[in-house]
Each structure stands twice: as structure tokens, then as C-alpha cells.
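Got a predicted structure plus its sequence, pasted below:
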Amino acid sequence: MASSRNVFGLYLAGLTTWFVPLGIQMVLFPWLVAVVLHMDAFAVGLAQTAMMAPSLLFLPMGGLVADRGNPRRLLLRYHVLYAVPPLALAAVLWQGGLSYALLIVYGIVVGAIGAFAVPTRDALLPVVAKERGLPRAVALATALQFFGQLIGIAFASSADRFGAEPLLILQAALLLIGCFAVHALPDPPPHPPHQQAGFWRSMAEGVVVAARSEQIWPVLMINFGVGVFYVGPFMAVLPLAVRDVYAGGAIELSYLNLAFWAATILASMALVGMARRLTLRGRLIASAVSAGFLILFALATLPPFPVFLALIFVWGIGAGITMTQSRTVVQIVAPATHRARLMSLFQLGLGGGGPIGAFLTGTICALWGIQAALLVPAIAMVLLIGAVLVRSRLWSMRTVG
């Protein structure tokens, strides 16, 4: 039987072969919409919404399926399924058939598959972490996730030069290679049969468990705010700022993403060594997420591009702290019987709040401009953070794992 170290390495290999393609997609998709098709602000926001909107429906469903089924086998199928849309889009591009409607369909399909895969991966993490300890395993997995995205972003920076087709084929190839790592992972222990309640009741159970936990619900609320007021502008407004304010293309979009995700990697790796010593995770989350609205205020001044990138880098540090510590809190506190469902609610904050934020900020940008689309979510996030700190024990809560 493979050692826990080797098993965790296989899990990380599966993460890498998923998140490198995701990093490519993060640059390639908005590039195709904003630069190749040259769509306006509303259309860019709608396209990003189409990619993230399936999370609203399918993330909770994906968590329930993972809690009831075999996460390893499910994840293997998701890898195969996720490789199909890039190959189909590459074939269409090869024939010169790119259209806005096609990209909307592409976004919906890959968003739906990703929504099922995310809580399934999270459900496997405690199974493979073992001797490493869950907080440290979460930090390592999060850092590698960001590193994989960073590699993908670096690949995508060549889109202006080589086109989208080679990158789409690379996405599919990596996903299929990842099947070997996922296949070698151990099966988690089966769930007791008495947990097989009705579909809607099972879905509701996850929400009830989250609402009753003094540690989980404030983290989920903050995470939802991050999705709406941070992810939304990042996905819908910043690509337009790169295009319209800084006259950039795929390379500049890659610089933006590289700055952000490189910072998240540094923050996540810095937390790996301290993972077991940290207890006041709520205070760390509140501080890091508060830095985000200050960054949005600064970005709204539309500074020179090097300063713009420096601000994005600082924002990425806060994001790395917030995402790592928030995920750790939910993983530690969640009962094993509901872990995938609770992790799906965690991801729903980003994946479900993201399309709402992308649509709202894309609309604000189309009506009142880029600066307003950065200022409004910053103000809204200030109000949300204040409300959560007043109504919860987030600032003082301790989480030991």
C-alpha cells in the first residue's frame, strides 16, 4: 500500500493537471471575448457570468453527489468530461467559426463540470492528508492550486502570438494525463447507509449544519462577499481596464493574472509552516479581506500600469490568506458526513457570488464606467465586513486542527 506521502503527492498531481488548464482558461476566455471578438463591457460581464453561473445550481448538487458517492471515481469522470469542451472549441476555431453565442455555451458547460468537480476534490483532501495534518495539507494544496493556475496563465500569455487552438489542445491533454494520478488515489471509506435521505432534504441538511455553526456561517458570508464584490470585478472589470485604459491584450492580461496568483502562492506557502500554530484564523481572514476593499479604492484611481500591477499583487496576498484560512476553517469544523456539501457552500461563495458580481459590475461599468464599477463593490464590501464582525465572533474565534 502506498505511503500517505505518496498518496498526497498523487492528489497534488491531480490538482496540478486540473489547475494548469484552469489558468489557461482564466486568460484565454476573456481574451477571446474582449480582444478577439471585441465585445463591450456588458457582453464581457455576461460571458464571465455564463461561466460562473452554473455554480449557483451545480455546486450544492456536486457536494451532495460527492457525499453520497465515491469521490475518487467521480473526479476521474470529471477529468475526462472537462477535456471535451476545449477540444470542441479548438475544432470550431480551426474552421473559423468562433462566435459570442458559442463562447456563452462553452462557458456554461465548463462551469457546470467544474462545479461538480470542486467539492469532490475537497472531499478527498482529508482522506489523503493523514499524517501531514489537515491545516498544513490545505495550505499546500491551495498553494499548488494557485501555482498550477500561474503556469497556465504563463502559457496563455502566448495567445496573441500562437492563437487559441494549441492552448485548448494543451488544456485537454493535461486533463487526460491527470486521470492517471486520480485513478491511483485510494477510495475513501463508504458512508453509512442511514445518510441516504431525500435529495432536497439532503441538500438542506448542509445549509442547516452551516447555519448552526458559529465558526462556519461567518466564514461563508465573508466568502460570498468575496465572490460578489471581489471576484466579480476581477473577472469582468479588470480585463476591460487592461483593454480600454492600458491598451493591452493577452500579454497584459497575463501580467495581471500572474501578479495576482504569484502573490497568492507566496501567501499560501508562507502559511504552510505556520499552519498548525495558527488558531485565530477568523481574525486573519477579517484582516486580509479588509485589505481588499482598500485595494479596490486604489485601483479605481486607474494608476500607471506598473502601479496597477503592484496593487494587484498586494490584493493577491490578501486573497491567498483569505482563501487558505477560510477553507481550513470549514475543513476542520465540518463533520465528515457533510464535508463535501459544506465545501460546496464554501465554493458557492466564490463560484456563485462571482457571476452575480460579474453581471452587476459589468452593467455598472457599461453605464457609469470602470471607476464606478470598482468603487461600488468596495463600498458594499466595507458594509458586509462590518455587519459580519458585529453579528458574529469571527474576530475572536479559535480554530484548532
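Done, it's in. Residues are numbered from 1 along each chain as shown.

so where's the stretch 101-250 of the chain uncertain?
Along the stretch 101-250 of the chain, segments meeting pLDDT under 70 span 130-133, 190-200, 202-203, 206.

where along it do the strands fall?
In the stretch 101-250 of the chain, no segments count as strands under DSSP state E, counting those that start in this stretch.

where do the helices sit along it?
Here the stretch 101-250 of the chain has its helices, by DSSP state H, counting those that start in this stretch, at 134-156, 159-162, 165-183, 199-212, 216-226, 232-236, 238-240, 250-272.

per-residue pLDDT, residue 35?
Looking at residue 35, its pLDDT is 81.

what's the closest residue to it other than its chain neighbours in contact with, if anything?
Nearest non-adjacent residue to residue 35, counting by Cβ to Cβ, 6 or more residues apart in numbering: residue 249, 5.3 Å away. All C-beta atoms are positioned from the backbone trio N, CA, C, and that covers glycine. The neighbours of residue 249, taking Cβ atoms under 8 Å, 6 or more residues apart in numbering as the test, are 31, 35, 160, 243.

The third one and residue 32, how far apart?
Spelled out, it's residue 160. According to Cβ to Cβ, to the nearest Å, residue 160 and residue 32 sit 12 Å apart.

So those two - more neighbours on which side?
Neighbour count, other Cβ atoms under 10 Å: between residue 160 and residue 32, residue 32 has more, with 22 against 16.

Tell me the gap between stretch 380-395 and the middle of its chain.
22 Å (Cα atoms, centre = their mean, to the nearest Å).

Need the contact partners of that stretch.
So stretch 380-395 is contacted by 214, 217-219, 221-222, 225, 228-230, 282-283, 285-286, 289-290, 292-293, 296 (Cβ under 8 Å, 6+ apart).

Give me the buried entries from those.
217-219, 221-222, 225, 228-230, 282-283, 285-286, 289-290, 292-293, 296 (16 or more other Cβ atoms under 10 Å).

rewinding a little: backbone torsions only: list them for the residue nearest to residue 35.
With angles defined as degrees, to the nearest 10, residue 249 sits at phi -130, psi -140.

526 is where my numbering starts, stick with that
Understood, numbering begins at 526; the last thing we discussed is residue 774.

residues contacting the closest residue to residue 634 other than its chain neighbours?
Leaving aside its sequence neighbours, residue 634 sits nearest to residue 610 (Cβ to Cβ, 6+ apart; 5.1 Å). Going by Cβ under 8 Å, 6+ apart, residue 610 touches 631, 634-635, 638.

same thing but at 6 Å, please
Applying Cβ atoms under 6 Å, 6 or more residues apart in numbering to residue 610 gives the contacts 631, 634-635.

next helix or strand past the strand or helix carrying residue 839?
Counting by DSSP states H and E, the element that carries residue 839 is helix 830-858. Per DSSP H and E, the first helix or strand lying C-terminal to helix 830-858 is helix 864-893.
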